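**Student:** below is the sequence, then the predicted model.
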Amino acid sequence: MATSAKAGPRAGGAKPGKPTQDTRRVAVATLIGTTVEWYDFFIYATAAGLVFSQLFFKPAGEEFATLVTFASVGLSFLFRPLGAFLAGHYGDKIGRKAMLVLTLLLMGGATTLIGLLPTHATAGIWAPILLVLLRIIQGISAGGEWGGAVLMSVEHAPRNKRGLFGSFPQLGVPLGMLLASGVTALMTGVISPGDAFVEWGWRVPFLLSIVLIVVGFLVRMSVSESPVFEEIAEKKKQTQMPIVELFRNHWKLVILAALVFAGNSAAGYMTTGGFILNYSTNPDGPVALDRTDVLLAVSGSAALWFLFTLISGFMADKIGRKNTYLIGFACLALTVFPLFWLINSGDIWILFLGLALFTVGLGLTYGPQAAWYSEIFPASIRFSGVSVSYAVGAIIGGAFAPTIASALVKATGSTTAVSAYLLVMIVLAAAATMMLRDRPGIDLSIRNQAEQEVGATIFDKRRGVSTDDAMAGSSAGTGTRV
C-alpha cells in the first residue's frame, strides 16, 4: 500500500523526526495568530475590570454594575460552543487554515467596533446592548480559533516534538494577556492617566486591534494547510456530520477533556477575566492599589506564565502530558490560598509574588493541552473534538469565575471562599486527568483512524489496529491486535 509523501512524520506519523522549516514557520504563525486573538479577547476583560461598569452599566448601581460587567465577560463563553461547533464542522470538512483566517477577522472586527461604541451617557440602553452583542461575537470567534490553531501546529510537528510545538499556540494566551495589560498600563500611566483614560483612553487598545489583525492575517495566509487534513481530503475521508459523530461515539471523552481544562480555566480567569484587577484596584476595597501598578504586575505575571507554558511543552515530551498536568495541578492547589493572602497584603511587590507563584501551575496545566487533546481524538473529527472540549471546559471553569468570585467576596466579606472554590475546580480537573490515557507517539493520520478511535480513557480496554500494524502483522503471519 503506497502512501503519499505527506504521510510521514510531518503528517503526524508514528516516527519521530526533525522539525522542518515549514514546521517552524507554522508554529510561529500559530503563535502570532493566537496572540492577536487573545489580545482582542483579554482587552475586553481588562477594560471591564477597570471602567466598563461605570461607562456602560452605571445605572445598575455600583455593586450590581460590577457583577453585570463580569457577567458580560462570562457571557461570551456561552457562545464558545457555537463557534466550536461551526469551526469544528467546517474545519473537519474544508480545512483548518480557512477557519483560522475567518475567526481572526471576526474577532478583530468585533474588537475594533467596541472601541467605537458610544457609552451609556450618550446612547442609553443601546450602549450596553451593542457591547454585549460584540462580546458574543468575540466568544464565537474564540470558540473556533483554538482548535484550528493547535491542530495546525501539532499536525505539522514531528511525533517526538508535539508537546513543544503544540505549546506555541498556547503561548499566545499569556502573550495576548501581556500585550493587553501592557498597552492598558501605557494608557493609564503615561498617555491618558486619570480621567482621560475613562473619557477616551480606554478606546485606544481596542482600535489598535485593526493593526494586529492585518499582521495576523498576512501571517496565517502564508502557511500551508495541515498535512493530516490534506491527506483526509485526498482520500475523501471527510465526515459528513462530525459533531454528530463526536457526541454519538466520544461524548465521555469530551466531558473528561473539558473537565481537565476547567481547572486551569477557573484559575486563569481570576487574572485574565479581570477579577484580581478589579478587586485590587477598587478604591473602596480592602487593597486599593494603583491601577497602573497592578496592570504592570499582571504584565509581569503574564511573562512568567509564558515561560512556564513553554517549559511545560518540553516537559510534556520528556515525562508525558499527563504527568506534566498532575504536577501543574499540584502547584495550583498549593498556591490558591497564598495567592489571595499575598494580594490582601496591600503591597504591590507582594501581590506580584502571589501572581508569580500562581503562574507556575497555570503554565504547566496549559502548555501540554494542544498535544494531548490532538492525540485523544480521531483524525476525522479531531477539529470538532478539541474545539468542543475546550469550549465546554471554558464554560465550566472560566465563564463565570470572576462573577462567582465577586459574589463570594460580597457574601462572605473575604477571599477565602474564592480560594476554596478554585481548589474544588482544581481537584475535579486532576481527577479527570487521571482518567485519561497518555498517547504520545500515536500516528495522527487518517490511515490510523481505527487505533485512534479506542483506548483514550482508562475505562476503555480496547486497542485499535493501525494500517501499518495490520500490514506488518499480515506479512509476518502473526495476525493483528484486537
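**Tutor:** Received it, and whenever you're ready, just let me know what you need.
**Student:** do you know how far the residue nearest to Gly88 when sequence neighbours are not counted is from Ser280?
**Tutor:** What sits nearest to Gly88 in space, not counting adjacent residues and going by CB to CB, 6 or more residues apart in numbering, is Ser384, at 3.2 Å. Just so you know, the C-beta spots here come from the backbone N, C-alpha and C atoms, and that holds for glycine as well. Computed as CB to CB, to the nearest Å, the Ser384 to Ser280 distance reads 39 Å.
**Student:** neighbour count winner among these two?
**Tutor:** Using other CB atoms under 10 Å as the criterion, Ser384 and Ser280 rank with Ser384 on top: 30 against 24.
**Student:** got the contact list for that one?
**Tutor:** When contacts are counted by CB atoms under 8 Å, 6 or more residues apart in numbering, Ser384 is found next to 84-85, 88-89, 91-92, 147, 242-243, 246.
**Student:** and which of those residues is nearest to Met99?
**Tutor:** Gly91 (4.5 Å; CB to CB).
**Student:** pLDDT value on that closest one, please?
**Tutor:** For Gly91, the pLDDT comes out at 75.
**Student:** Phe70 now?
**Tutor:** On pLDDT, Phe70 comes in at 77.
**Student:** one more: Val26?
**Tutor:** On the pLDDT scale, Val26 gets 86.
**Student:** dump the residue contacts of the closest residue to it other than its chain neighbours.
**Tutor:** Distances taken as CB to CB, 6+ apart put His156 closest to Val26, at 4.6 Å, once the chain neighbours are dropped. Applying CB under 8 Å, 6+ apart, we find His156 in contact with 10, 22-23, 26-27, 165, 226-227.
**Student:** nearest to Gly367 among these?
**Tutor:** Closest to Gly367, out of all of those and judged by CB to CB, is Phe165, at 11.0 Å.
**Student:** mean confidence for the helix or strand Trp146 falls within?
**Tutor:** Assigned by DSSP states H and E, Trp146 belongs to helix 126-156. Mean pLDDT, helix 126-156: 87.
**Student:** what's the mean pLDDT across whichever helix or strand comes after it?
**Tutor:** Remark: after helix 126-156, the chain's next helix or strand is helix 162-186, criterion DSSP H and E. Averaged across helix 162-186, the pLDDT comes to 90.
**Student:** name the nearest residue to Ile426, ignoring sequence neighbours.
**Tutor:** Of all residues not flanking Ile426 in the chain, Gly263 sits nearest, at 4.6 Å (CB to CB, 6+ apart).
**Student:** again with Phe42
**Tutor:** Ala180 (4.1 Å).
**Student:** kindly report the same for Ala110.
**Tutor:** Nearest to Ala110 is Ile137, by CB to CB, 6+ apart, at 4.1 Å.
**Student:** now swap in Lys322 and tell me
**Tutor:** Asp438 (4.3 Å).
**Student:** okay, now that neighbour: neighbour count?
**Tutor:** 20.
**Student:** shift numbering so it begins at 3
**Tutor:** Understood, numbering begins at 3; the last thing we discussed is Asp440.
**Student:** so it, which of the three states?
**Tutor:** For Asp440, the assignment made with DSSP: H, G, I helix; E, B strand; the rest coil gives coil.
**Student:** got the phi/psi numbers for it?
**Tutor:** Taking degrees, to the nearest 10, you get phi -80, psi 130 for the backbone angles of Asp440.
**Student:** so what's it up against?
**Tutor:** 322-325, 374.
**Student:** now, of those, which are buried?
**Tutor:** 322-324, 374 (16 or more other CB atoms under 10 Å).
**Student:** adding secondary structure and distance to Trp253, write those out as a markdown table.
**Tutor:** What follows is the buried ones among the contacts of Asp440, written out as a markdown table (DSSP: H, G, I helix; E, B strand; the rest coil; distance: CB to CB, whole Å):
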| residue | secondary structure | distance to Trp253 |
| --- | --- | --- |
| Gly322 | coil | 25 |
| Arg323 | helix | 21 |
| Lys324 | helix | 21 |
| Trp374 | helix | 18 |
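**Student:** and the helices in the stretch 3-152 of the chain, which stretches?
**Tutor:** Assigned by DSSP state H, counting those that start in this stretch, the stretch 3-152 of the chain shows helices spanning 23-49, 55-57, 64-80, 82-95, 98-116, 122-125, 128-158.
**Student:** could you dump those to CSV with distance to Leu261?
**Tutor:** Output for the helices of the stretch 3-152 of the chain, formatted as CSV (distance: least, CB to CB, whole Å):
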stretch, distance to Leu261
helix 23-49, 22
helix 55-57, 32
helix 64-80, 15
helix 82-95, 15
helix 98-116, 25
helix 122-125, 38
helix 128-158, 17
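**Student:** quick one: which of those is nearest Leu220?
**Tutor:** Per CB to CB, nearest to Leu220 of these: helix 23-49, 9.5 Å.
**Student:** and that closest one with helix 164-188, angle?
**Tutor:** 40 degrees (axes from the mean of the first three to the mean of the last three CA atoms, to 10 degrees).
**Student:** chain center to helix 23-49: distance?
**Tutor:** 11 Å (CA atoms, centre = their mean, to the nearest Å).
**Student:** related to what we said a few turns ago, ok, now how distant is the residue nearest to Phe44 from Phe170?
**Tutor:** The span separating Ala182 from Phe170 equals 19 Å under the rule CB to CB.
**Student:** Ala268: what's it in contact with?
**Tutor:** So Ala268 contacts 399-400, 403, 423-424, 427-428 (CB under 8 Å, 6+ apart).
**Student:** redo those residues as a markdown table? Include secondary structure, neighbour count and pLDDT.
**Tutor:** Formatted as a markdown table, those follow (DSSP: H, G, I helix; E, B strand; the rest coil; neighbours: other CB atoms under 10 Å; pLDDT from 0 to 100):
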| residue | secondary structure | neighbour count | pLDDT |
| --- | --- | --- | --- |
| Gly399 | helix | 27 | 89 |
| Gly400 | coil | 25 | 79 |
| Ala403 | helix | 29 | 86 |
| Tyr423 | helix | 17 | 95 |
| Leu424 | helix | 26 | 95 |
| Met427 | helix | 23 | 96 |
| Ile428 | helix | 27 | 97 |
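**Student:** nearest to Phe342 among these?
**Tutor:** Of the contacts of Ala268, the one sitting nearest to Phe342 (CB to CB) turns out to be Leu424, at 9.4 Å.
**Student:** distance of the residue nearest to the closest one when sequence neighbours are not counted from Val420?
**Tutor:** The spatially closest residue to Leu424, leaving aside those adjacent along the chain, is Val338, at 4.5 Å (CB to CB, 6+ apart). Distance from Val338 to Val420, counting by CB to CB: 8 Å.
**Student:** same question, Leu355
**Tutor:** Taking CB to CB, one finds Leu355 at 18 Å from Val420.
**Student:** looking at these two, which is more packed in?
**Tutor:** Val420 (26 against 18).
**Student:** my read: the more buried one touches Leu341, true?
**Tutor:** No - in this structure, Val420 is not within contact of Leu341 by CB atoms under 8 Å, at 9.1 Å.
**Student:** name the element the residue nearest to Ile428 belongs to?
**Tutor:** helix 253-274.
**Student:** list the buried residues in that helix.
**Tutor:** Result for helix 253-274 [16+ other CB under 10 Å]: buried residues 255-274.
**Student:** after it, heading C-terminal, what element do we hit next?
**Tutor:** helix 277-283.
**Student:** neighbouring contacts of that next one?
**Tutor:** By CB under 8 Å, 6+ apart, the list of residues contacting helix 277-283 reads 48, 51-52, 68, 72, 271-273, 287, 289-293, 296-297, 300, 345, 353, 357, 403-404, 407-408, 411, 417.
**Student:** that concludes my questions; thank you for your assistance.
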